[in-house]
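J.: when you get a sec, could you give me coordinates for this:
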Amino acid sequence: MSASEGMSQLFEYELELLSKQSDIDLNDMLGQSVTVLLKTDIPAAQGGKDRFFNGLVSRFSYVGTQDRYHLYQATLRPWFWNLTRTSNCRIFQEMTVPDIVAEVLRKNGFSDFEFSLSSGRYRTWRYCVQYRETDFNFICRLLEQEGIYFYFHHQENQHFLAMTDSVSSHNSVGAIPFFPPQENVRREGEFISKWYVASEVCPGKFVTDDFNYETPSTELEARLDQAESHAAADGEIYDYPGEYSKPNEGEAYAQIRLQELQTPHIVAEATSNCLRVSVGELFNLENFPRKDQNQEYLITSASYQIKSDAYISGSGSTGENLYSCQFSCIDRTRQYRAPRLTPKPVVQGPQTAFVVGRKGEEIDTDKLGRVKVQFHWDREGKMDEHSSCWVRVSQNWAGKKWGGVFLPRIGQEVIVDFLEGDPDRPIITGRVYNGENVPPYALPANKTQSGIKSRSTKQGSEDNFNELRFEDKKGEEEVYFHAEKDFNRMVENDDTLNVEHDQTRTIHNDREVTIEEGNDTLKIEKGKRDITISEGDDILLVSQGDHTITIGSGNQDVTIATNQDVSIGQNQDVSIGQKCTMSVGSSLVIEAGTKIEIKVGASSIKIEPAKVTIKSPQIAISADGKLDVKSPMTTVTGDGILTLKGGLTKIN
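T.: So this is what the prediction gives:
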């Protein structure tokens, strides 16, 4: 048997098997649990321990015959290897990496695993996507990112997956002495025969950074400087984005990344016959001539060559060692971190998805205008508010309490891009129509129309909308605006409207115009102005100031079907350039509180409560019939001549 295993690696055991049976069904062997037992002849009291190699048959082949036997080959791998044969696209939310890993393993039917982790260190991932990758790769890249590594414990008929992040969780197999090989000397017991140690230059600084749009002013840069004590040890590695959102998370990742980069700084390689050697175990090196090497180490990888003496003894002893092991290890005081070898999937361009949300809602958003979506590849989502994280929506402007806002609504199809192709960082960059959600204007018939048409919510129909539409058809150009209910306009300075032809306004209810300060001017340079009130009143109220009507050229006609009441609080002046004609069909009453005076040149008639005075250079009173002048007392005085003349004159 040849075998290899390593930290955060799948072990692989290649077995050559001899059998007298020639017709073993190959398929029957696949998936079977096989255990190879190496028994030690060292008493347990002296540290002796049998060694188990357990795995599942992942490949089984018939390769021919060897002497009187049929030769088979079997490849054993851990049950964890089966996850390289399953892939998925799915979303995990509000979970830590250990929780995600445990869920994936259990959903695949596996329970032979255990965590031994530092308490309270792992962040909760709001949103973590497995995208077009095997379950094995998905688990590995998450463990690598968080600084968790794994190895396997073997027992009879079983092996366990152990996941840890600290050297303190490893068991010790005790001391293994060093004895160099000596010619013609066969040494008993377990020992290390070869020891090789090397040191290499590694970075001494790690800097990472990220950006959290929810707290954009927060400084997230994290750095760690722990250079080794040798020349050229201060190299700096800078990485962005670090995939975190809080400063303390960045500090933790900076430490993990630098430990990962410095893990291979000093590595020892050894050859041994010790059955206790196993990846993930600690041991103490003893008896090495270089004293600084005699310390405790963590085994990080190993390969084994094992031969069974059963067949060999049947054909004569060869004198070969039946078991040998080559392994690598590091100082146990140096925290091991597995290298990040598993690539994170990159989304190769934008995708589309449907907007989803809470039941009963048509628009489901948060204070940042984000929405939730369900991707077409998501088989586990229920088309509800749990289908994704909140996803930002690109707008045409995005200022501080100013900009553009058009929120995608539930059921609409949107274009989703991913920052740096990261499936964990979706962002909505556009919207598209489809066979069910068609454009508001029938196409291609209305291909010259463009615009914005909304839908009233909730429970709005095709008849409930706001719309701004442009018609660009030559000769029929139009800008159309429709407000489903109110249209409110605010102009903080000037408002200018220039209509080159006609303007028509139809108001189905009330109209109110308020000019708080300033003037209202209506100027008709040519034409006329008609105001028609079919039913109702026309009221002009000037609370303070004058009311002036000026007709520069032309007439004013006022026609009143019934009555006219004019009430003037103080004075009224009427100036007529030519003549004034007043025609009253029935009666005319002119009433004044103190006097009425009519003047023409030097002539006047003054009417006062107590008397009427008629004054003129000449007064002519003519009656076609009878003239009666009557009063209690009458005085007729002529300063010059008084003439009374008539056909008959009576004086009584």
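J.: what about residue 104, which helix or strand?
T.: In this structure, residue 104 sits in helix 97-107 according to DSSP states H and E.
J.: and what about the spatially closest residue to residue 458 that is not a sequence neighbour, helix, strand or coil?
T.: Of all residues not flanking residue 458 in the chain, residue 362 sits nearest, at 5.3 Å (C-beta to C-beta, 6 or more residues apart in numbering). To be clear about C-beta, it is placed using only N, CA and C from the backbone, and glycine gets the same treatment. Put simply, residue 362 is coil when judged by DSSP: H, G, I helix; E, B strand; the rest coil.
J.: and if you look at residue 8?
T.: State at residue 8, reduced to three classes by three-state DSSP: coil.
J.: who touches the strand or helix carrying residue 468?
T.: Following DSSP H and E, one finds residue 468 within strand 467-471. Contacts of strand 467-471 with the rest of the structure, by C-beta atoms under 8 Å, 6 or more residues apart in numbering, involve 440-441, 448-454, 477-482.
J.: residue 408: what's its closest spatial neighbour, skipping adjacent residues?
T.: The shortest distance from residue 408 to any non-neighbouring residue, by C-beta to C-beta, 6+ apart, is to residue 355 (4.6 Å).
J.: beta-bridge partners for that neighbour, please?
T.: residue 373 (DSSP bridges).
J.: so who does it touch?
T.: Applying C-beta under 8 Å, 6+ apart, one finds that residue 355 lies in contact with 371, 372, 373, 408, 409, 410, 411, 412, 413, 414.
J.: shaky segments in this structure?
T.: 119, 183-184, 309-321, 652 (pLDDT under 70).
J.: remind me, longest helix of it?
T.: If each helix of the chain is counted by residues according to DSSP state H, the longest one is helix 247-262.
J.: part of a strand, is residue 206?
T.: Yes: residue state for residue 206 (three-state DSSP) corresponds to a strand.
J.: ok, it - contacts?
T.: Remark: with contacts taken as C-beta under 8 Å, 6+ apart, residue 206 is in contact with 223, 224, 236, 237, 238, 239, 254, 257, 258, 261.
J.: hmm, back to that, and the strand holding residue 468, what's buried?
T.: Counting neighbours by 16 or more other C-beta atoms under 10 Å, one finds that the buried residues in strand 467-471 are residue 469.
J.: follow-up on the earlier one: what's the closest of the contacts of strand 467-471 to residue 627?
T.: Distance ranking of those against residue 627, using C-beta to C-beta, places residue 481 first at 76.5 Å.
J.: in this structure residue 223 contacts residue 253, no?
T.: No: shown here, residue 223 and residue 253 do not form a contact pair, counting by C-beta atoms under 8 Å, at 11.1 Å.
J.: shared neighbours, those two?
T.: Common contacts of residue 223 and residue 253 (C-beta under 8 Å, 6+ apart): residue 208.
J.: looking at the two, which is more packed in?
T.: When neighbours are counted by other C-beta atoms under 10 Å, residue 223 and residue 253 differ, and residue 253 comes out ahead with 23 against 15.
J.: just checking, the more buried one touches residue 208?
T.: Yes: shown here, residue 253 and residue 208 form a contact pair, counting by C-beta under 8 Å, at 5.9 Å.
J.: overlap in contacts of those two?
T.: Overlap between the neighbourhoods of residue 253 and residue 208 consists of 222, 242, 244, taking contacts as C-beta under 8 Å, 6+ apart.
J.: as a markdown table, those residues with neighbour count and distance to residue 462 would be great.
T.: Formatted as a markdown table, these follow (neighbours: other C-beta atoms under 10 Å; distance: C-beta to C-beta, whole Å):
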| residue | neighbour count | distance to residue 462 |
| --- | --- | --- |
| 222 | 22 | 54 |
| 242 | 21 | 49 |
| 244 | 22 | 47 |
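J.: now, among these, which is nearest to residue 90?
T.: For the shared contacts of residue 253 and residue 208, the residue nearest residue 90 by C-beta to C-beta is residue 244; the value is 22.1 Å.
J.: look up how far residue 149 lies from the closest one.
T.: Look at residue 244 and residue 149: by C-beta to C-beta, to the nearest Å, they are 20 Å apart.
J.: contacting residues around the residue lying closest to residue 384 once chain neighbours are set aside?
T.: Excluding the flanking residues, the one nearest residue 384 by C-beta to C-beta, 6+ apart is residue 356, at 5.8 Å. With contacts defined as C-beta under 8 Å, 6+ apart, the neighbours of residue 356 are 364, 372, 373, 374, 381, 383, 384, 385, 387, 388, 410.
J.: tally of neighbours for the closest residue in space to residue 260 that isn't next to it in sequence?
T.: Leaving aside its sequence neighbours, residue 260 sits nearest to residue 337 (C-beta to C-beta, 6+ apart; 3.8 Å). Counted with other C-beta under 10 Å, the neighbours of residue 337 add up to 23.
J.: now the residue nearest to residue 458: phi and psi?
T.: Residue 362 has phi and psi values of phi -110, psi -30 when expressed as degrees, to the nearest 10.
J.: likewise for residue 145?
T.: Residue 145 has phi and psi values of phi -60, psi -40 when expressed as degrees, to the nearest 10.
J.: for it, give its distance to residue 237.
T.: Counting by C-beta to C-beta, the separation of residue 145 from residue 237 is 15 Å.
J.: same check on residue 229?
T.: Shown here: residue 229 relative to residue 237, a distance of 19 Å by C-beta to C-beta.
J.: between those two, which has more neighbouring residues?
T.: Here residue 229 and residue 237 are set side by side on neighbour count (other C-beta under 10 Å), and the busier one is residue 237, at 15 against 6.
J.: ok, the more buried one - contacts?
T.: Counted by C-beta under 8 Å, 6+ apart, residue 237 has contacts 203, 205, 206, 207, 257, 258, 261.
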